[in-house]
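Novice: Return a 3D structure for these sequence lines:
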Amino acid sequence: MQVLINKVWQAKVMDKPIFIIDTNVLLRFILNDDAKQHAKVKKYFISNELFLYLPIMTVCETIWVIKDKMKIPRQSVIQILTALVEQDNILIATEAFDYGMNFLKSGGDFADGVIAYQAHCHDNATLLTFDKKSQKIAKQLAITCIEP
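Specialist: Residues are numbered from 1 along each chain as shown. Below you'll find the model as predicted:
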């Protein structure tokens, strides 16, 4: 979270605008499946004159579309998103993203990692899930997890 706070502070100090990215905008940029829309959004992603805030929910939805619906391989999804968030103008809740990526890299779902992160953030919280894979990965990350 410190990285996000530092970048937001930097944006304010540098008087750069911050734009919140919706899933459809991120998909047009990543997929380049509509040349007109891609050209419109690309200028935001490559600009050093602004910051783009990438909500975790946008990442969750994007992964669902490109991995589960479009069948882009897991490793490619990981590479695409890692490269994206490493850009200097991208703002994201880093810890939540990292938890999601840990789950994705371990064969789980990004969204389950984000949910596990919430359990991690709350002292004495227990993650309650039927998802066996999520339970296993959560326990590997020292998150208390049980099945109902």
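Novice: What segments of the chain are helices?
Specialist: Remark: helices assigned in the chain by DSSP state H are 2-13, 23-31, 35-46, 56-63, 74-85, 94-105, 110-121, 132-140.
Novice: Enumerate every residue touching the residue nearest the centre of the chain.
Specialist: The centroid of the chain falls nearest to residue 59 when counting by Cα atoms, centre = their mean (4.0 Å). Taking Cβ atoms under 8 Å, 6 or more residues apart in numbering, we find residue 59 in contact with 26, 81, 92, 97, 100, 110. C-beta coordinates here come from the backbone N, C-alpha and C atoms, glycine included.
Novice: how is the chain carved up into domains?
Specialist: 2-92, 107-148 (automatic domain parsing).
Novice: Adding mean pLDDT, write those out as CSV.
Specialist: What follows is the domains of the chain, written out as CSV (pLDDT from 0 to 100):
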stretch, mean pLDDT
domain 2-92, 89
domain 107-148, 90
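Novice: Let's have the helices of the chain in a markdown table, adding distance to residue 146.
Specialist: Shown next, in a markdown table, are the helices of the chain (distance: least, Cβ to Cβ, whole Å):
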| stretch | distance to residue 146 |
| --- | --- |
| helix 2-13 | 30 |
| helix 23-31 | 32 |
| helix 35-46 | 41 |
| helix 56-63 | 23 |
| helix 74-85 | 27 |
| helix 94-105 | 17 |
| helix 110-121 | 11 |
| helix 132-140 | 8 |
